[in-house]
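Visitor: Have a look; sequence and predicted model below, questions after that.
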Amino acid sequence: MPNRLDWMSVRAFLRLPVEAVFLSAVLLALPARARRITAGVLGVLLGLSGILKCLDMGFRQTLARPFDLVFDWVLLSDGADWVKDSFGRSGEVLAVVGVIVLVIAVLALSVLAMTRLGNVLARHRTGAVRATLVLGVAWVVCFTMGAQTGGVTIATKGYAQYLSNRVQYVRDGLGDADVYKKQMAVDAFAKTPSDQLLTGLRGKDVMLTFIESYGRVAIDDPSMGPELDATLKEGGARLEAAGFSARSGWLRSPVTGAGSWLAHSTFLSGTWVKNQQRYRSLTTSDRATLTSYFQKTGAWRTVGIVPGVRKAWPEGKYFGLDHIYDSTHLGYQGPYFSWTPVPDQFSLESFQKLEHGKKNRDPIMAEIILASSHNPWSPIAHTIDWNDLGDGKVFYKIKEEGTNPTEVWKSSKRVRTEYRKAIQYSLDSLTQWVQRYGDDNTVLVFLGDHQPVPTVTGGTSDKDVPVTIVARDPKVLDRVSDWGWTDGLKPAADAPEWAMNEFRDRFMTAYGPNPGAGAATTSR
């Protein structure tokens, strides 16, 4: 059985696996008691392999990669939370119970099937031996000749290779902690005095803003690109009219489909945070992040606007934020939009009221997470008059008029349409906020954290996300004039593409006392 849905076809099963021939020979060679025990063990092994391949299918559909036996177990509970947020508590319970029943059924039926097969082989031993020999010879001939049908190889040894690869992945994963620990120890700015950090931004309000799932596909895909291009042009004109300029490039995220916190950590820490183990190692270390370097200078009040956080987030302290506003501290009294607790426009308005709009304050460095474009993109909010936001109850009517995620996800075309609209909403909210509240001291860095799920991307392996710097003060953008980025909010197709972990050091070098000095990039 393939471990990818796009490989699932009738032809995929018209193959002769060498493992089947070999195991038939083993069962024929064993005495009755040993045969029954071996058949039972093989049944469990095959059942577990089938479950693992189903996990691979699901993870490829969501994260564009197979299930990781070392690091991904924690994501199963996150998946259950997503089902609850999208389809309610009853939907979560039904899904969890259904999965448990299916796992038990697969294991039980696999054991029963293998036991029955062993008994059939024993009852018809002479015919079974002949059939096994014939199939063995046929496998050797087909394998030697490279025989294929419809482009599919007939004689395969893919199952053994699959298990071998899985064992190697586990071994690599177990050894990754030591590799990452060495990478974290390398920091070009660890010994830099605080008065020499980020000197090119002193007195500025710096907003590091992540737009959930804002990936390259939104710009490049022919079915979404024209509409998004219009949104970016409109937003660019809006900013230009307010005196702002922008430059844009590409960053390559460590994840795709989901895993936002891994991308955020990669961007801020300057290390390649590709799995949960690395995230835990990072957030329990003394590795400095871009946000903590702002805090270290003492020249900024550092805050986090994280509407997607709805429970305790102990890792938040690691990122060097003086104060964190989660979904319960933004003053929002309106409805959830599926997974999204607070619409982006309201999150930004809350930032204005709680921090940015205060008089006689210190400069602010804010990490802001815009979550309205989070999967499943249904229903989504739309921008309204900023004076009408109030406490957010106005969004009840907007939600009622929105789409139903259950209906949307029946069609990949509708999913892509709603995804595009969600990204447009996030971009409109952000550019309108800058136009409304930005000033000479506003510096905005906004980027996508990862590409959306394969349903939207079409299965591409591209992990690029757009990144943009916006400022009114020309001196701010002059500091990055040698980066080769594109003028405006839309990066050109041939604009520089950096690994996301390279941004921190490049940014700190550009806005340090010696902007032309350059900085060593970190390893992945």
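Guide: Happy to help now that I have it.
Visitor: Residue ranges in this structure under the pLDDT threshold?
Guide: Applying pLDDT under 70 to the chain flags residues 516-524.
Visitor: In it, where's the longest helix?
Guide: The helix that spans the most residues within the chain, counting by DSSP state H, is helix 73-123.
Visitor: Helix or strand next in line after it, which one?
Guide: Note on helix 73-123: by DSSP states H and E, the next helix or strand toward the C-terminus is helix 125-145.
Visitor: centre of the chain versus that next one, how much separation?
Guide: 46 Å (Cα atoms, centre = their mean, to the nearest Å).
Visitor: for that helix, packing partners?
Guide: strand 16-17, helix 18-29, strand 155-156 (3 or more Cβ pairs under 8 Å, 6 or more residues apart in numbering; DSSP states H and E). All C-beta spots, glycine's among them, are computed from the backbone N, C-alpha and C.
Visitor: what's the second one in contact with?
Guide: Translated: helix 18-29. 35, 38-39, 42, 117-118, 121-122, 125, 128-129, 131-132, 135-136, 139, 143, 155-157, 159-160 (Cβ atoms under 8 Å, 6 or more residues apart in numbering).
Visitor: Enumerate the positions of stretch 332-339 that are buried.
Guide: Y332, G334, P335, Y336, F337, S338, W339 (16 or more other Cβ atoms under 10 Å).
Visitor: Do a quick rundown of the strands in the stretch 301-450 of the chain.
Guide: 301-306, 323-326, 364-370, 442-448 (DSSP state E, counting those that start in this stretch).
Visitor: residues in contact with G320?
Guide: A288, T289, T291, S292, Y293, F294, Q295, K296, T302.
Visitor: Can you flag which of those belong to helices?
Guide: T291, S292, Y293, F294, Q295, K296.
Visitor: State the number of residues packed around the fourth one.
Guide: Burial of F294 is recorded as 27 neighbouring residues (other Cβ atoms under 10 Å).
Visitor: which non-adjacent residue is nearest it?
Guide: Leaving aside its sequence neighbours, F294 sits nearest to M365 (Cβ to Cβ, 6 or more residues apart in numbering; 4.0 Å).
Visitor: Now do the same contact list for the one you found.
Guide: D205, V206, M207, L208, T291, F294, Q295, W300, R301, T302, V303.
Visitor: cool, S461 as well?
Guide: S461 neighbours (Cβ under 8 Å, 6+ apart): A64.
Visitor: Ok, V96 next?
Guide: A80.
Visitor: Tell me which residues touch H356, please.
Guide: Counted by Cβ under 8 Å, 6+ apart, H356 has contacts D205, I364, A366, Y437.
Visitor: Just give the number of residues close to the first one.
Guide: Applying other Cβ under 10 Å, we find 22 residues neighbouring D205.
Visitor: what's the nearest residue to it if we skip its chain neighbours?
Guide: I364 (4.8 Å).
Visitor: The one you found and R504, how far apart?
Guide: 19 Å (Cβ to Cβ, to the nearest Å).
Visitor: Which among the contacts of helix 18-29 count as buried?
Guide: 35, 38-39, 42, 117-118, 121-122, 128, 132, 135-136, 139, 143, 155-156.
Visitor: Quick check: bridge partners of the residue nearest to D205?
Guide: R301 (DSSP bridges).
Visitor: For it, which residues are in contact?
Guide: D205, V206, W300, R301, T302, V303, E355, H356.
Visitor: quick one: which of those residues is nearest G512?
Guide: Within those, the smallest distance to G512 is 14.1 Å, found for V206 (Cβ to Cβ).
Visitor: Burial check on D391, number of neighbours?
Guide: D391 has 11 nearby residues by other Cβ under 10 Å.
Visitor: How about the contacts made by it?
Guide: Neighbouring residues of D391 by Cβ under 8 Å, 6+ apart: G331, Y332, Q333, G334.
Visitor: Run through the helices of the stretch 301-450 of the chain in chain order.
Guide: 344-351, 395-400, 405-408, 412-437 (DSSP state H, counting those that start in this stretch).
Visitor: winner for burial among those?
Guide: Among the helices of the stretch 301-450 of the chain, the stretch with the highest mean neighbour count (mean count of other Cβ atoms under 10 Å) is helix 344-351, at a mean of 25.
Visitor: Please list the outside residues in contact with stretch 477-487.
Guide: Here stretch 477-487 has contacts from 200, 245-249, 469, 471, 491-492, 495-496, 506, 510-511, 515-516, using Cβ under 8 Å, 6+ apart.
Visitor: of those, buried ones?
Guide: 200, 245-249, 469, 471, 491, 495, 506, 510-511, 515.
Visitor: sorry, back to before: I'd like the helices of the stretch 301-450 of the chain laid out as CSV, including distance to G458.
Guide: Listed next are these as CSV, based on distance: least, Cβ to Cβ, whole Å:
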stretch, distance to G458
helix 344-351, 26
helix 395-400, 29
helix 405-408, 17
helix 412-437, 9
